[in-house]
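Visitor: Everything below, folded, please.
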Amino acid sequence: MVVRLVVFDCDRTLWDHYDVSILQPPFRRVDDESVIDARGEAVRLFRGVREVLDTLRDRGLLLSIASWNRLEHVFPIFELLGLTAYFVHPKVEFHPHKDRMIGALLDELASDGHVLRPEEVLFVDDRLVNLQRVRQALGPIRTLQAGVDITAFPELLAHLDCPDRPPSPCRP
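Guide: Now for the predicted structure:
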């Protein structure tokens, strides 16, 4: 089954910071790949993120976010880095229940006419427990653990058209 939706975590997945919710707004853009908060603490996109997002969008895939963060921190960072337009119905909520976030996302996409089966969804997160909980709650969503299954962001592209098979690298 071909992937039609890729859902990303933010912290330690799209960017190098471990928890942007602890940062102090306002944020200021440093360059195309990074911002700093009011205290000078930096958030930097991992190498290749923008290029991979462009490639996925060009291939017609839907892209979204499921992040345990404060939206008043994530959305300004997205805006400053020019990432906002990539993501449809992004879910940034201050709780760890990414299964609920992705479930709500799938419902909203279905309302928009994009009915997706779990096998057509790829979820990328740095924490194994989040990947496991999403699969337990929503079914055979494919998952990749950032920093483990992919150690460089462009490696994600090799996992898009994986055949149905046992876990890793495309975890059913």
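
Visitor: okay, Arg171: pLDDT?
Guide: Listed pLDDT for Arg171 reads 42.

Visitor: what about the nearest residue in space to Asp99 that is not next to it in sequence, which SS state?
Guide: Distances taken as CB to CB, 6 or more residues apart in numbering place Ala137 nearest to Asp99, at 3.6 Å, with adjacent residues excluded. In this view, the C-beta of every residue, glycine as well, is placed from N, C-alpha and C. Three-state assignment for Ala137 (DSSP: H, G, I helix; E, B strand; the rest coil): helix.

Visitor: number of nearby residues for Ala137?
Guide: As a burial measure, Ala137 scores 14 neighbours (other CB atoms under 10 Å).

Visitor: same check, this time on Gln136
Guide: 9.

Visitor: and Ser64, what element?
Guide: strand 62-68 (DSSP states H and E).

Visitor: Mind giving me the packing neighbours of that strand?
Guide: Applying 3 or more CB pairs under 8 Å, 6 or more residues apart in numbering; DSSP states H and E, one finds that strand 62-68 makes contact with strand 5-8, helix 49-58, strand 91-93, helix 98-111.

Visitor: and the angle for it with helix 49-58?
Guide: Relative orientation of strand 62-68 versus helix 49-58 (axes from the mean of the first three to the mean of the last three CA atoms, to 10 degrees): 130 degrees.
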